[in-house]
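Engineer: Sharing a model that was predicted from the sequence below.
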Amino acid sequence: MSENRETSRGRGRILPAMNPSLDFETCWRAVVARDARFDGRFFTGVTSTGIYCRPVCPARTPRRENVTFHPSAAAAEAGGFRACLRCRPETAPDFAGWRGVEAPRGGAWRGTSNTVSRALALIEGGALDGGDVDALAARLGVGERQLRRLFRQHLGAAPVSVAQTRRVLLAKQLIHETGLSMAEIALASGFGSVRRFNETFQGLYGRPPSALRRRRAGEAGGTIRLGLSYRAPYDWPAMLASLAARSATPETVSGDVWTRTLAPQVDGARGRISVRPDAGASERLTAEVEIDALCALPGVLARTRRVLDLAADPVAIARDLSTDPVLAEAVAAHPGRRPPGEWSDADDDPPSDRLTTDDPMLRARAERWRPWRAYGALYWTLAKETLNAQAA
């Protein structure tokens with residue numbers, strides 16, 4: 001029995017090396033305190049059990065000498081650890097998790113991190129489910145070797161490992177939260193075949209995937225309900241207002257629910273996805289998906305997260321933008337504001353740092369807002385509206 005009450009059966013070789021971008025003392029204090037601010041920023045590998053956990057895991061805190069810290073779930077799995085069944089790393093906000101790591105803000109780092117961000121978006125949408133790293137690198141305009149190096153630098157794992165972890169964690173979430181059959185889950189999580197799905201889970205957990213389910217399987221088809229995590233604060237009414245204002249034809253807002261109609265030419269399937277606040281949990285939305293091709297589910301979920309900006313780090317955004325005296329009051333008055341993203345997005349710049357204004361003075365000022373220029377522009381507008389209202 002492990003330190004989080006899981007057996008160590010099926011554990012692979014443990015590689016205790018820790019990513020140099022993580023500070024051990026900071027991570028250890030977060031684990032001891034179960035500090036929710038660090039959830040999704042790193043994962044804790046427990047060498048005595050072969051399991052990795054979120055910082056907020058409710059299990060007994062492991063011994064200090066038995067832990068290593070990893071910048072992503074993929075890095076933890078590449079090190080020989082498997083996901084905890086209690087804290088469920090697949091439910092952590094932005095489980096790719098790499099953006100929470102502090103790093104220099106110079107142009108060179110920003111350029112390489114943008115490449116990784118674009119690659120992650122493609123992988124989350126299933127780019128490596130049927131393709132290879134060479135093709136992914138070509139889409140990004142970099143060499144295959146360079147892409148591997150960037151992933152090691154920012155995520156502590158290779159692109160193939162990141163894709164495999166994405167499949168495993170999505171499958172785990174579908175096992176725990178839906179009534180889909182194992183065959184349907186294998187298809188919906190990007191494994192391609194039931195045999196590959198079963199072999200992967202047997203290798204990681206020492207048991208078939210069906211053994212992880214604690215609820216009875218439902219009938220095929222119907223609505224898939226999944227939780228979508230985010231970091232608080234999140235101004236959901238403001239997000240809905242922004243989505244309603246842009247009047248995108250396939251999207252509707254009704255009450256506290258946003259709905260998107262799926263199209264085969266864009267999404268590879270017909271159906272719809274609706275998102276609303278989760279009445280039973282904080283820092284979580286509920287997505288309801290009706291889809292006629294389960295293999296398209298990863299891409300639909302990835303695009304939904306992008307539109308709703310679920311990977312944002314509002315604490316870091318507020319801290320950095322508050323250094324601008326014009327923005328500070330607006331940031332404090334409107335916590336958790338986020339600009340909506342695009343459903344189809346081929347832009348090279350990450351949405352968080354995208355600036356659409358042609359005003360040369362504002363573009364010059366916005367350089368101090370990197371890598372949060374999109375949020376800076378949003379708060380700039382709010383600040384100007386406040387000033388205009390006061391003047392009136």
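Structural biologist: That came in fine, so what should we check first?

Engineer: going forward, measure contacts between C-alpha atoms and count neighbours the same way
Structural biologist: Fine.

Engineer: tally of neighbours for Thr44?
Structural biologist: Residues near Thr44, counting by other C-alpha atoms under 10 Å, number 25.

Engineer: Excluding chain neighbours, what is closest to it?
Structural biologist: Using C-alpha to C-alpha, 6 or more residues apart in numbering and skipping the chain neighbours, the partner closest in space to Thr44 is Phe69 (4.7 Å).

Engineer: One more: Arg54?
Structural biologist: Closest to Arg54 by C-alpha to C-alpha, 6+ apart is Phe43, at 5.2 Å.

Engineer: The one you found - that's part of a strand, no?
Structural biologist: Yes - assigned with DSSP: H, G, I helix; E, B strand; the rest coil, Phe43 falls within a strand.

Engineer: Unless I'm misreading it, the residue nearest to Thr44 sits right up against Phe43, doesn't it?
Structural biologist: Yes - counting by C-alpha atoms under 8 Å, Phe43 is a contact partner of Phe69 at 5.7 Å.

Engineer: What segments of the stretch 101-250 of the chain are strands?
Structural biologist: Per DSSP state E, counting those that start in this stretch, the stretch 101-250 of the chain carries strands over the ranges 224-229.

Engineer: Can you tell me the closest non-neighbouring residue to Ala138?
Structural biologist: Distances taken as C-alpha to C-alpha, 6+ apart place Glu144 nearest to Ala138, at 7.7 Å, with adjacent residues excluded.

Engineer: now that neighbour: how far from Cys27?
Structural biologist: Separation of Glu144 from Cys27 (C-alpha to C-alpha, to the nearest Å): 32 Å.

Engineer: His94 in helix, strand or coil?
Structural biologist: Quick fix: residue 94 is Asp, not His. coil.

Engineer: Quick one, grab the pLDDT at it.
Structural biologist: Asp94 is assigned a predicted lDDT (pLDDT) of 74.

Engineer: next one: Ala389
Structural biologist: As predicted, Ala389 sits at a pLDDT of 84.

Engineer: Over to Pro371?
Structural biologist: 86.

Engineer: Would you agree it is in contact with Ala377?
Structural biologist: No - using C-alpha under 8 Å as the test, Pro371 is too far from Ala377 to be in contact (11.9 Å).

Engineer: higher neighbour count, Glu144 and Cys27?
Structural biologist: Ranked by neighbour count (other C-alpha under 10 Å), Glu144 and Cys27 place Cys27 first, with 21 against 17.

Engineer: contacting residues for the residue nearest to that one when sequence neighbours are not counted?
Structural biologist: Once flanking residues are discounted, Cys27 sits nearest to Phe69: 7.2 Å by C-alpha to C-alpha, 6+ apart. Counting by C-alpha atoms under 8 Å, 6 or more residues apart in numbering, Phe69 touches Met18, Asn19, Leu22, Phe24, Cys27, Phe42, Phe43, Thr44, Gly45, Ala76.
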